[in-house]
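>>> Below are the sequence and a predicted model; questions follow.
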Amino acid sequence: MIDPDTLPPQPRIPMTARLARWFRDEPVTAVLFTLCIGIEAILQGADYRLWGGPHWRDVAYTYGGFWGGLLHGWQPAYAGQGVAMFLSYSFLHGGILHVGMNMMALISLGRPVSQRLGQGRYLALYLLSAIGGGLGFALITYTTELMVGASGALFGLAGAILAWAWADRRRFGQSRVEVARVLARPLAYLVGINVVMFWALSGGLAWGCHLGGFVTGWALGLLLDRRYRRFA
C-alpha cells in the first residue's frame, strides 16, 4: 500500500495555465462567463465612480435590457431595438449577486451540454434559449418594466439536460410513467427555486423568461441530438 506522505508533491498549475486550459477545453462557457462578468465588472466600477459614473448602468439597461414597453408602443432608442433586446438582455445583470449565481449555474450546466452537443451546437442552444426566454417573458409576463439576466438561457440548458434524461431512459425501454417519476424530483426542484425566488423578490422574478427558456431548451435539446428525437 502506498503511503500518500511519501509521494512527491504535485506541482501547482499556475492560474494563467488553468485559464488557458479552460478556454481551450470549454471555449463557449469561458467566453460567455468572461463577457457577462466583464460587463458587470465595468458597470460595478462605474457605480462606484472608479470610472465613468452610475449613468453607465442606466445607459446599458436602456440600450441592452428587455423592455416590455417596446412591444406595446414605446419609442425604441435605436432601430431594431425591439428585436435585438430578445438576446442582448441575457448579457446584462442586476448586480454582483445576480451575475455570480448565474455564472455558477453556467459552469455547472455548460460542461454536460457541451460534451453532449459540441461547442457549436451548445452555443446555438444557449443563444436560442435566451431568445426563447425573451419570448416567454413577452407572452406570459405582461409588464413594461426592465428584464435582464442570463437565467432564460440557463433554464434552457437545464431543459436540454432533462430532455436527454427523458430520451435516454425511453430509449432503454422505461415507460413514460417510470421516467416521469424519475424526473419529478429535478422538475420540482426547478419549480421550487422559482417559487422561493418569486417570494423573496416580492413578485419581481421573470418566471415567464425561465419557463420560455426551459421549453426552448427541452425542444432544441431533442432536435439537436437527433438520435433521440423519436423518444420525445
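Perfect, thanks for sending it.

>>> And the strands in this protein?
All strands of the chain, identified by DSSP state E, fall at 66-67, 146-147.

>>> In terms of secondary structure, what does the last one contact?
Counting contacts by 3 or more Cβ pairs under 8 Å, 6 or more residues apart in numbering; DSSP states H and E, the secondary-structure elements packed against strand 146-147 are strand 66-67. Backbone N, C-alpha and C define where each C-beta goes, glycine included.

>>> in its sheet, what does the strand it packs on sit against?
strand 146-147 (antiparallel) (DSSP bridges).

>>> still on that earlier bit, so which of the strands of the chain is the most packed in?
Most buried of these, by mean neighbour count (mean count of other Cβ atoms under 10 Å): strand 66-67, with a mean of 25.

>>> Low-confidence ranges, this protein, go.
1-11, 226-232 (pLDDT under 70).

>>> roughly how far apart are the spatially most central residue of it and residue 98?
In the chain, the centroid-proximal residue (Cα atoms, centre = their mean) is residue 154; its distance is 2.3 Å. Relative to residue 98, residue 154 is positioned 12 Å away (Cβ to Cβ, to the nearest Å).

>>> about what we covered before: quick check: chain neighbours aside, which residue is closest to the residue nearest to the centre of the chain?
residue 105 (4.8 Å; Cβ to Cβ, 6 or more residues apart in numbering).

>>> and the one you found, how many neighbours does it have?
Using other Cβ atoms under 10 Å, residue 105 has 17 other residues around it.

>>> just residue 149 next, same as before
As a burial measure, residue 149 scores 25 neighbours (other Cβ under 10 Å).

>>> for residue 89, same thing?
The burial count for residue 89: 27, using other Cβ under 10 Å.

>>> show me the contacts for it.
Shown in contact with residue 89 (Cβ atoms under 8 Å, 6 or more residues apart in numbering): 64-66, 130, 134, 147-149.

>>> Pick out whichever of those sits closest to residue 179.
In terms of Cβ to Cβ, no member of the contacts of residue 89 lies closer to residue 179 than residue 130, at 27.6 Å.

>>> distance of that closest one from residue 149?
Residue 130 is 10 Å from residue 149, by Cβ to Cβ.

>>> can you give me the helices for this protein?
15-25, 27-47, 55-64, 81-88, 96-117, 119-140, 151-171, 176-200, 207-224 (DSSP state H).

>>> Just want the angle from the last one to helix 96-117.
Spelled out, it's helix 207-224. When axes from the mean of the first three to the mean of the last three Cα atoms, to 10 degrees is applied, the directions of helix 207-224 and helix 96-117 differ by 10 degrees.

>>> Now stretch 79-87: buried residues?
81, 85-87 (16 or more other Cβ atoms under 10 Å).

>>> tell me how far that stretch is from the chain's mean position?
Relative to the centre of its chain, stretch 79-87 is centred 19 Å away, using Cα atoms, centre = their mean, to the nearest Å.
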